[in-house]
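A.B. asks: no FASTA, just this:
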């Protein structure tokens, strides 16, 4: 009997191997243990470059001579793999953060408390939306904390691997908030709340992360949990209008009808919403 091996063919027959493509694609680079090893891997180095360039384009800091007698926080790189909803690999993600543990209370940070929407509020508003057959959409803010302005003066060491060769001893004077800072969540919340107030929203007295718009028959609710947003409106026209205005101010990603929020899967059917958590 003639076999594939007898003809010098040793690779798997795709007819019998459903994972044929999975076994032939380039292996995914593992998450590096430190920035030095990341810089020696082209996949992770490209991800770091993308993050650094985005921060520069955002004017997150300016380089200044290192002042004397000031607290200078460390910068850190955080690495992770990002996956698609079907579980397949999407991209390498590197994030530059400030080490909040090296901040000093009263020096480069003050108040740090930031409210998040309460579970009871979420259930109540969702029940109201279902009873009125209103559209329920979800949005995500890209790099939410980077939209926020800092009230405090914060200095940070230049990120490893991207030190300016002309000014290697300079430090970063932060102009905008950065992930990892103790005050970052509070600064973002205030930035978001101030903007939605300009387009007619006010926060609920019982839950400051619930924002309400009420203009005649036009009603809308925004539920905010850090950078995750549920938007509920009384009409599709109002939904599009508010989404457009939010996108004009922040880098927003529309995720469509609500399907997954805070670890809870949401399925909408004719008689209501089904919530499940595995």
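C.D. replies: Received the coordinates, thanks. What you see is a predicted model, and the numbers here were worked out from it, not measured in a lab. Numbers count the residues shown, from 1 in each chain.

A.B. asks: Any stretches of this protein with poor pLDDT?
C.D. replies: Within the chain, the stretches with pLDDT under 70 are 1-26, 85, 102-104, 106-113, 278.

A.B. asks: Repeat the analysis, applying 50 as the threshold.
C.D. replies: For the chain, the stretches with pLDDT under 50 are 1, 4, 6-7, 10-12, 14-25.

A.B. asks: got the residue ranges for the helices in it?
C.D. replies: For the chain, the helices defined by DSSP state H occupy 20-24, 35-39, 42-57, 119-131, 184-198, 236-249.

A.B. asks: Can you get me a residue count around residue 88?
C.D. replies: 8 (other Cβ atoms under 10 Å). Every C-beta, even on glycine, is put in place using the N, C-alpha and C of the backbone.

A.B. asks: need the strands for the stretch 101-250 of the chain, in chain order.
C.D. replies: Taking DSSP state E, counting those that start in this stretch to define them, one finds strands in the stretch 101-250 of the chain at 136-141, 155-156, 171-174, 202-203, 210-215, 218-225, 228-233.

A.B. asks: and the angle for the first one with strand 228-233?
C.D. replies: Following axes from the mean of the first three to the mean of the last three Cα atoms, to 10 degrees, one obtains 140 degrees for the angle between strand 136-141 and strand 228-233.

A.B. asks: Strand 136-141: which residues count as buried?
C.D. replies: Within strand 136-141, the residues that count as buried by 16 or more other Cβ atoms under 10 Å are 136, 137, 138, 139, 141.

A.B. asks: how close does the fourth one get to residue 208?
C.D. replies: From residue 139 over to residue 208 the distance is 19 Å, taken as Cβ to Cβ, to the nearest Å.

A.B. asks: Also the second one?
C.D. replies: When distance is defined by Cβ to Cβ, residue 137 is 22 Å away from residue 208.

A.B. asks: try the first one
C.D. replies: Computed as Cβ to Cβ, the residue 136 to residue 208 distance reads 21 Å.

A.B. asks: same thing with the third one?
C.D. replies: Using Cβ to Cβ, residue 138 is found at 20 Å from residue 208.

A.B. asks: coming back round to it: could you provide the buried residues of strand 136-141 in TSV, with additional columns for distance to residue 252?
C.D. replies: Listed next are these as TSV, based on distance: Cβ to Cβ, whole Å:
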residue	distance to residue 252
136	16
137	11
138	11
139	5
141	6
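
A.B. asks: Tell me which residues touch residue 173, please.
C.D. replies: 61, 62, 63, 64, 153, 154, 155 (Cβ atoms under 8 Å, 6 or more residues apart in numbering).

A.B. asks: what do you get for residue 138?
C.D. replies: 228, 229, 230, 231, 255, 256, 257, 258, 259, 260, 261.

A.B. asks: out of those, which is most surrounded?
C.D. replies: Busiest of the contacts of residue 138 [other Cβ under 10 Å] is residue 229, holding 26 neighbours.

A.B. asks: How about the contacts made by the nearest residue to that one once chain neighbours are set aside?
C.D. replies: Counting by Cβ to Cβ, 6 or more residues apart in numbering, residue 229 lies nearest to residue 139, which is 4.3 Å off, once chain neighbours are set aside. Counting by Cβ under 8 Å, 6+ apart, residue 139 touches 229, 230, 231, 243, 246, 252, 253, 254, 255.

A.B. asks: now these as TSV including distance to residue 71?
C.D. replies: Shown next, in TSV, are these (distance: Cβ to Cβ, whole Å):
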residue	distance to residue 71
229	34
230	38
231	39
243	41
246	35
252	34
253	35
254	40
255	39
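
A.B. asks: Between those residues, which sits nearest residue 127?
C.D. replies: residue 230 (13.0 Å; Cβ to Cβ).

A.B. asks: Beta-bridge partners for the nearest residue to that closest one once chain neighbours are set aside, please?
C.D. replies: Excluding the flanking residues, the one nearest residue 230 by Cβ to Cβ, 6+ apart is residue 223, at 4.1 Å. Beta bridges link residue 223 to residue 210, residue 230, judged by DSSP bridges.

A.B. asks: what's the answer for residue 265, then?
C.D. replies: Applying DSSP bridges, one finds that residue 265 bridges with residue 260, residue 276.
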